[in-house]
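Next comes the sequence, and after it the predicted model I'd like to discuss.
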Amino acid sequence: MNNYGTFYGIGVGPGEPELITLKAKNVLQRVSVVFAPVAGEGRASIACSIAGSYISPAARVEHLLFPMTPDREVCERAWEDHVRKIVRVLEQGTDAAFITLGDPMTYSTYGYLLKKMETLYPAVRTITIPGIPSYLAGAASANLPLAQRSEIVSLVPGSASRERIKELLGSSDTIVFLKHTSAAGEIRELLQEMGLQDRAVYLRRLGFPDELITVDQAQGLPDREEYLSLIIVKK
């Protein structure tokens, strides 16, 4: 029998604190330690800015740096280091949570930690609490039904190849581009090439005071990188 505390993976939604689930709120109010991802040294945690009001004042918040690099070896080392740091808390019998933007099972850093935890510490009890993903919040903000009847929806990361993106634009009824920032210009070119520029909805920083929704305007799609943004193409 092990004495590990429970590890919670919590999705805090796209940006608006009121979109956090009651289950997530209840867990955040009682765990002793909350781990939050950051993209660089000295940078603030966006997940913390969303969930901060729900975290117990008595809880300790620790930031985990996730390197923004395609070097898999560097990332693997960081994920393993983070898991070991989390387990140092759990082995004291203390519950801990990792918070992440959107949903923890959709293009999330949590997925990498979960796999490492399952491999290195299979005795740890892990509970994952879903969050509202940005594309569902975006569809709601734009009053845009994503799928009806037999329509097909595709989630496409910007890291997909141009050929794959073009294929999905042709075969899907609704295409959602997530983590597209580095490919924004190329996506806009493809939409214009395929005559879909007037079908694109660009959404940025959903749930934040500077939220932006641009409907049916190809010129609204940025050429530069825009973090916390997505594109929905409804054909």
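All right, it came through fine.

Could you chop the chain up by domain?
The chain breaks down into these domains under automatic domain parsing: 7-129, 134-234.

a markdown table for these, including mean neighbour count and mean pLDDT?
To be clear about C-beta, it is placed using only N, CA and C from the backbone, and glycine gets the same treatment. Rendered in a markdown table, the data for those read as follows (neighbours: other CB atoms under 10 Å; pLDDT from 0 to 100):
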| stretch | mean neighbour count | mean pLDDT |
| --- | --- | --- |
| domain 7-129 | 17 | 95 |
| domain 134-234 | 16 | 84 |
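
ok, and the closest non-adjacent residue to residue 206?
With sequence-adjacent residues excluded and distances taken as CB to CB, 6 or more residues apart in numbering, residue 206 is closest to residue 14, at 4.5 Å.

and the one you found, what are its phi and psi?
Backbone dihedrals for residue 14, given as degrees, to the nearest 10, come out at phi -80, psi -20.

Hmm, residue 132 and it touching each other?
Yes: taking contacts as CB atoms under 8 Å, residue 14 lies within contact range of residue 132: 6.3 Å.

Need the overlap of contacts for these two.
Shared contacts of residue 14 and residue 132, defined by CB atoms under 8 Å, 6 or more residues apart in numbering, are found at residue 102.

Which helix or strand contains residue 10?
Using DSSP states H and E, residue 10 sits in strand 7-11.

residues making contact with that strand?
By CB under 8 Å, 6+ apart, the surrounding residues in contact with strand 7-11 are 24, 27-28, 31, 51, 86, 90, 95-105, 108, 110, 113-114, 117, 124-133.

hmm, try it at 7 Å
Outside strand 7-11, the residues that touch it by CB atoms under 7 Å, 6 or more residues apart in numbering are 24, 27-28, 31, 86, 90, 95-100, 102-104, 110, 114, 117, 124-131.

Which other helices and strands does the lengthiest helix in the chain contact?
The single longest helix within the chain, with elements called by DSSP state H, is helix 72-90. In terms of contact count using 3 or more CB pairs under 7 Å, 6 or more residues apart in numbering; DSSP states H and E, helix 72-90 is assigned the packing partners strand 96-100, helix 109-120.

Right, I'll leave it there.
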